[in-house]
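Engineer: coordinates for the following, if possible.
(one chain, ligands or ions: 3)
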Amino acid sequence: MRAAVHEGRDHLVLVDDLDVEEPRPGEVLVSVSHCGICHSDLSFLDAGLGSDQPIVLGHEAAGTVEAVGPGVTTTVPGDRVLLTPLAPCGHCYWCARGEPTACESAHAFLGGTRPDGSTPFSRGGDPVLRGVGVGAFCEQTVVPESGVVRLDFDTPLDVACVLGCAIQTGVGAVVNTAGVEAGATVLVTGLGGIGISVVQGARLAGALQVIVSDPVAERREAALHFGATLAIDPLVDDVPARVLEATGGVGVDYAFEAAGVAALVSTCLDATRRHGTTVVVGVDATMATTELLPVMLALQGKRILGTLLGDCHPQRDIPMLVAAWRAGRLDLEGMVSHRLDLAEVNEGMDRLRQAAGIRTVLEVAGS
Ligand SMILES: NC(=O)c1ccc[n+]([C@@H]2O[C@H](COP(=O)([O-])OP(=O)(O)OC[C@H]3O[C@@H](n4cnc5c(N)ncnc54)[C@H](O)[C@@H]3O)[C@@H](O)[C@H]2O)c1
Ligand SMILES: [Zn+2]
Ligand SMILES: [Zn+2]
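Structural biologist: Numbers count the residues shown, from 1 in each chain. Ligands and ions are numbered 1, 2, ... in the order given. All right, here's what the predicted structure looks like:
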């Protein structure tokens, strides 16, 4: 199969000899139609995420089920599906608690393997890891049954794919993690696919003020189109000061760090009101730290929450997000600013480095 493999360098290597196993019990084989490029993929290249083993990245994908392993009951060959990273096992301690993004198996997937340490991919007999439980920069992948969510046959996979990471993470951070209520005030720092999805989530939740910040003018303009009410250039203005000014000296109820820049967590804390909530969505893969003043947290009752994949329950939340899109309340088409072939994946990575557009989607195998 054709695939783009990360071998520890600053670019992906295009190969045409990647092997994928037949699905094991409880697994499905999916032909990947389209896959978006997320900053978490780029962090493997630029910030050294991952191990020394080769890995197939790409975790924001949709495709068609080709074959199912023994015991699979919820999908059949020919189904159009969204692939969801971190497929929950459904029966571990965390799943039983209703916290699927903390699932034991899902966290093994974060490391690039199944829980037993194996991977469905190999090249010349040597194992190749499957990125974030999906591995979709590749014509076909094998994932757990719970890692696919069926889509109606008329769902366009080239835009639906952004549900897999950006939308689940951004809207989920608002709705599931923070529980933003109607009338709330919100700040979003960082306006890539994730931040724009937070903006969309805030609008969906009925937030009245959605203040955004990003040094890239095009992205600030895009955010205004997606429902932001005020855009701040952090290179020109002091963000917490502008936020205080815009909220009658109070600060926002919720601030979302969606850039993956550690220092912005402090910016968000400074911009939230007393008893306000900061949600850390971005992943600063450089492992940078930021200074916090615990005494201020205590005295002002501020909260900090982290979120992985927006704390989504894929089988519950993906159909809800699709319904929101069909009702015209979620804009998926507008998220896809560029389309490239899988062979042009490195150009897509460069576009992401330059913060060009919002999401680049790769056409992998067509459908
Ligand atoms: N928590 C999760 O489950 C999860 C899921 C997916 C992605 N992520 C992370 O979310 C982050 C964003 O991903 P993306 O794909 O949207 O990335 P992206 O590169 O498209 O967007 C990041 C944006 O942050 C902006 N930015 C940089 N410095 C800034 C500053 N000082 N103030 C305001 N904005 C600033 C950039 O200009 C850019 O527009 C990444 O760290 C990614 O790894 C987290
Ligand atoms: Zn992602
Ligand atoms: Zn589990």
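Engineer: residue numbers of this protein in contact with ligand 2?
Structural biologist: C38, S40, C165 (C-beta under 5 Å from the ion). From N, CA and C alone the C-beta is placed, and that goes for glycine too.
Engineer: neighbour-wise, give me the winner out of those.
Structural biologist: C165 (31 neighbours; other C-beta atoms under 10 Å).
Engineer: mind listing what that residue touches?
Structural biologist: G36, C38, S40, H59, E60, P85, G193, I194, L309 (C-beta atoms under 8 Å, 6 or more residues apart in numbering).
Engineer: what's Q200 in contact with, if anything?
Structural biologist: Contacts of Q200 by C-beta under 8 Å, 6+ apart are I167, G170, V171, F226, G227, L330, D331.
Engineer: and whichever strand or helix holds the second one, what other elements does it pack with?
Structural biologist: Okay, so that is G170. Assigned by DSSP states H and E, G170 belongs to helix 166-172. Packing partners of helix 166-172 (3 or more C-beta pairs under 8 Å, 6 or more residues apart in numbering; DSSP states H and E): helix 193-205, helix 314-326.
Engineer: kindly export the first one (C-alpha atoms) in PDB.
Structural biologist: What it means is helix 193-205. C-alpha atoms of helix 193-205 as PDB (Å, rounded to 0.1, in the frame of the first residue of the first chain):
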ATOM      1  CA  GLY A 193      -8.400  23.700  13.200                       C
ATOM      2  CA  ILE A 194      -8.600  23.200  16.900                       C
ATOM      3  CA  GLY A 195      -9.200  26.800  17.900                       C
ATOM      4  CA  ILE A 196     -11.700  27.400  15.100                       C
ATOM      5  CA  SER A 197     -13.600  24.400  16.300                       C
ATOM      6  CA  VAL A 198     -13.600  25.800  19.900                       C
ATOM      7  CA  VAL A 199     -15.100  29.000  18.400                       C
ATOM      8  CA  GLN A 200     -17.700  26.900  16.600                       C
ATOM      9  CA  GLY A 201     -18.400  25.000  19.900                       C
ATOM     10  CA  ALA A 202     -18.800  28.300  21.800                       C
ATOM     11  CA  ARG A 203     -21.300  29.600  19.200                       C
ATOM     12  CA  LEU A 204     -23.200  26.300  19.400                       C
ATOM     13  CA  ALA A 205     -23.400  26.500  23.200                       C
END
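Engineer: how far away is the closest residue to ligand 1 within the stretch 1-150 of the chain from L321?
Structural biologist: For the stretch 1-150 of the chain, the residue closest to ligand 1 is H39, as judged by C-beta to the nearest ligand atom, at 3.1 Å. Relative to L321, H39 is positioned 20 Å away (C-beta to C-beta, to the nearest Å).
Engineer: higher neighbour count, the two?
Structural biologist: Between H39 and L321, L321 has the larger neighbour count (other C-beta under 10 Å), namely 28 against 23.
Engineer: show me which residues of the stretch 151-300 of the chain sit near ligand 1.
Structural biologist: 165, 169, 189-195, 213-216, 219, 234, 258-261, 264, 281-283 (C-beta under 6 Å from any ligand atom).
Engineer: ChimeraX command to pick out the buried ones of these?
Structural biologist: Selection of buried members from those for ChimeraX, criterion 16 or more other C-beta atoms under 10 Å:
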select :165,169,189,190,191,192,193,194,195,213,214,216,219,234,258,259,260,261,264,281,282,283
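Engineer: filter the residues of the stretch 151-300 of the chain next to ligand 1 down to just the ones in strands.
Structural biologist: Among these, the members found in strands (DSSP state E) are T189, S213.
Engineer: from the contacts of C165, pick the one nearest T185.
Structural biologist: Checking the contacts of C165 against T185 with C-beta to C-beta, the nearest one is I194 at 19.9 Å.
Engineer: isn't the closest one up against G170?
Structural biologist: Yes: look at I194 against G170 with C-beta atoms under 8 Å: they come within range, at 5.2 Å.
Engineer: mutual contacts of those two, please.
Structural biologist: A258, V281.
Engineer: closest residue of the stretch 201-350 of the chain to ligand 2?
Structural biologist: With C-beta to the ion as the measure, L309 is the residue of the stretch 201-350 of the chain nearest to ligand 2, at 8.1 Å.
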